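[1] For reference, the sequence and a predicted model appear below.
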Amino acid sequence: MKIGFYQFSPIFGENKKNLEKVANLLLKCDADLVVLPELAFSGYLFIEKNEVLNLSQPIPGNISDTLKEIAIKKDMAIVTGFAELAGDKTYNSSFLVTPQGDITIYRKNHLFHEEKLYFEPGDLGFPVVTVKGVKIGMLICFDHFFPEAARTLALQGAQIICHPSNLVIPGKAQITTRTRSIENRVYWVLANRTGTEERGGKKFTYSGLSQISDPDGRIMVQAGEFEEGFFAVEINPELAKNKSITPLCSLFEDRRLDTYQLDKK
């Protein structure tokens, strides 16, 4: 299976232009799965709620319809972050569209910083989708700080975790996602953006360095800090079904659920 990511710098507030740029790339690339960054069409640095409402889209909508058409035409799965409008609520979401055109939504469970002013927390759990016989899950950006999120996907059989991101804390996710790959023995596609946004007296510089890590936590391919482009690698998804560290040690079977305390006390 060939999996990849597209690292680029979306233009804030330009859904149409960003979608055209992404569509042109997707129509040219060759892969079974392509992952795009968080909020890939709207941009990230909102300064008021009305901006979020104006830039968010429902599903179905122009973004999902366009990517669905491409997914079917190219026989590929596409995962992207986007600003979702659901009724009168907005979510920092992603969706996976299969080569058959089926769409599954994930809503970011762990909102970062001022996202809490603009988006509702996720309410759809952690879905896993089967694509070409391979089980795929989604997380978004700050979710990587919470090992329970990745473990929840892995326990459902996810072999690949797709991770659209807009990372502003340099160096952290490139480490933690490799750790999540190791502790769950999964492939991890970290699809970050690059570039800088400066609006309303605020400035975010995004760290780039998108990467794919294997079940042993090794980086298979990585983009540069300021680089735009499509990167892909061939993987063997069957490796992610083996949760053994040694013949006598299993990451899942050796868990001690009787001794863990995961609630706040």
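    That came through, no problem. Numbering: from 1, shown residues only.

[2] Can you tell me the number of residues neighbouring residue 160?
    By other C-beta atoms under 10 Å, 27 other residues sit near residue 160. To be clear about C-beta, it is placed using only N, CA and C from the backbone, and glycine gets the same treatment.

[3] Could you do residue 14 as well?
    Residue 14 is flanked by 15 other residues according to other C-beta under 10 Å.

[4] Does it touch residue 40 like I think?
    No - contact criterion C-beta atoms under 8 Å: residue 14 and residue 40 do not qualify, at 11.3 Å.

[5] Strands along the stretch 151-265 of the chain, start to end?
    160-164, 187-191, 196-199, 202-205, 211-213, 219-222, 229-234, 244-246, 249-250 (DSSP state E, counting those that start in this stretch).

[6] The shortest one: partners in the sheet, and parallel or antiparallel?
    Strand pairing for strand 249-250, determined by DSSP bridges: strand 244-246 (antiparallel).

[7] Now the partner strand: average pLDDT?
    Across strand 244-246, the average pLDDT comes to 95.

[8] Ok, stretch 46-64 next?
    97.

[9] One more: stretch 145-156?
    98.

[10] repeat for stretch 212-221
    Throughout stretch 212-221, pLDDT has a mean value of 98.

[11] re the thing from before, okay, the strands of the stretch 151-265 of the chain in a markdown table with distance to residue 87 next?
    Converted to a markdown table, these look like this (distance: least, C-beta to C-beta, whole Å):
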| stretch | distance to residue 87 |
| --- | --- |
| strand 160-164 | 23 |
| strand 187-191 | 28 |
| strand 196-199 | 27 |
| strand 202-205 | 28 |
| strand 211-213 | 36 |
| strand 219-222 | 39 |
| strand 229-234 | 35 |
| strand 244-246 | 46 |
| strand 249-250 | 44 |
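
[12] Of all these, which one is nearest residue 97?
    Smallest distance to residue 97 across the strands of the stretch 151-265 of the chain (C-beta to C-beta): 11.9 Å, for strand 160-164.

[13] Just checking: what are the partner strands of that closest one?
    Its sheet considered, strand 160-164 pairs with strand 134-138 (parallel), strand 187-191 (parallel) by DSSP bridges.

[14] Now do the buried residues in that strand.
    Under the neighbour-count criterion of 16 or more other C-beta atoms under 10 Å, strand 160-164 has 160-164 buried.

[15] quick check, nearest of the residues you listed to residue 241?
    Once C-beta to C-beta is applied, the member of the buried residues of strand 160-164 that ends up nearest residue 241 is residue 160, at 11.7 Å.

[16] Hmm, residue 134 and that closest one touching each other?
    Yes - here residue 160 reaches residue 134: they are 6.4 Å apart, a contact under C-beta under 8 Å.

[17] any residues in contact with both of those two?
    residue 237 (C-beta atoms under 8 Å, 6 or more residues apart in numbering).

[18] related to what we said a few turns ago, so for residue 60, which of the strands of the stretch 151-265 of the chain sits nearest?
    Once the strands of the stretch 151-265 of the chain are compared by C-beta to C-beta, strand 160-164 is nearest, at 19.5 Å.

[19] Centre of the chain to the closest one, how far?
    Mean-position distance between strand 160-164 and its chain equals 4 Å (C-alpha atoms, centre = their mean, to the nearest Å).

[20] got it, and stretch 73-91?
    Distance, stretch centre to chain centre, for stretch 73-91: 11 Å (C-alpha atoms, centre = their mean).

[21] host element of residue 5?
    In the assignment (DSSP states H and E), residue 5 maps to strand 2-7.

[22] quick one: strands adjacent to that strand?
    strand 33-35 (parallel), strand 229-234 (antiparallel).

[23] in the next helix-or-strand element following it, what counts as buried?
    Next helix or strand after strand 2-7 toward the C-terminus (DSSP H and E): helix 15-28. If you call a residue buried by 16+ other C-beta under 10 Å, then helix 15-28 has these buried ones: 15, 18-19, 21-22, 25-26.

[24] what do you get for stretch 128-140?
    By neighbour count with 16+ other C-beta under 10 Å, stretch 128-140 contains the buried residues 128-129, 131, 134-140.

[25] Can you pull out the low-pLDDT segments for the stretch 151-265 of the chain?
    Within the stretch 151-265 of the chain, the stretches with pLDDT under 70 are 265.
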